[in-house]
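Student: I'd like to go over a predicted model; first the sequence, then the structure.
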Amino acid sequence: MTEANCLFCRIVSGELPAAVVFEDENTVAFLDYRPLFPGHTLVVPREHYETLGDLPVKQVGPLFKNAQLLSRVIEAAMDAEGTFVAMNNRVSQSVPHLHVHVVPRRRKDGLKGFFWPRTKYKDQEEMEIVKEKIVDKIKHAKN
């Protein structure tokens, strides 16, 4: 399943060039063309899914197995001290095709936290209310 106008589907199909660093039957990984740091890689499923919630359960393991592999090898290849592994679902997702960012990191590299201001819960009661909302949705979620 591909989307004709999806940039990442076009890369996966070979229609558009990319600096591919890894591929298998489930995923393709290529260098981000606007990296946070050299080595910043995107790991995408071959099939078009917009968000993690859309990805079939059977594909979650292969995607994250490969994200884990890339996390290890990018750290080593870039002589980094660690990696930042993240994904966006819709908000801040510049290409609406599920992708995992694997970014090499070094202490004092200039990136702070999650790139946005952190907040606190007003009090323990507010935290408990939020917790219960999430727990309730988990009880009713499809697996």
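Tutor: Done, it's in.
Student: low-confidence ranges in the chain?
Tutor: Residue ranges of the chain with pLDDT under 70: 1, 113-118, 142-143.
Student: ranges for the helices of it?
Tutor: Using DSSP state H, the helices of the chain run over 7-12, 57-77, 124-139.
Student: mind checking which of the ones you listed is nearest F22?
Tutor: Smallest distance to F22 across these (Cβ to Cβ): 6.3 Å, for helix 57-77. C-beta coordinates here come from the backbone N, C-alpha and C atoms, glycine included.
Student: Packing partners of that closest one?
Tutor: Where contact means 3 or more Cβ pairs under 8 Å, 6 or more residues apart in numbering; DSSP states H and E, helix 57-77 is packed against strand 20-23, strand 27-31, strand 41-45, strand 82-86, strand 100-105.
Student: CA atoms only for it - export them in CSV, please.
Tutor: C-alpha atoms of helix 57-77 as CSV (Å, rounded to 0.1, in the frame of the first residue of the first chain):
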residue,chain,number,x,y,z
VAL,A,57,0.5,-4.8,15.3
LYS,A,58,2.5,-7.4,13.3
GLN,A,59,4.6,-4.6,11.9
VAL,A,60,5.4,-2.9,15.2
GLY,A,61,8.1,-5.4,16.2
PRO,A,62,10.0,-5.3,12.9
LEU,A,63,9.9,-1.4,12.8
PHE,A,64,11.3,-1.1,16.3
LYS,A,65,13.8,-3.9,15.9
ASN,A,66,15.3,-2.0,13.0
ALA,A,67,15.1,1.3,14.9
GLN,A,68,17.0,-0.4,17.7
LEU,A,69,19.6,-1.7,15.2
LEU,A,70,20.0,1.8,13.7
SER,A,71,20.3,3.3,17.2
ARG,A,72,23.3,1.1,17.9
VAL,A,73,25.1,1.4,14.6
ILE,A,74,24.5,5.2,14.2
GLU,A,75,26.0,5.8,17.7
ALA,A,76,29.0,3.7,16.7
ALA,A,77,29.4,5.1,13.2
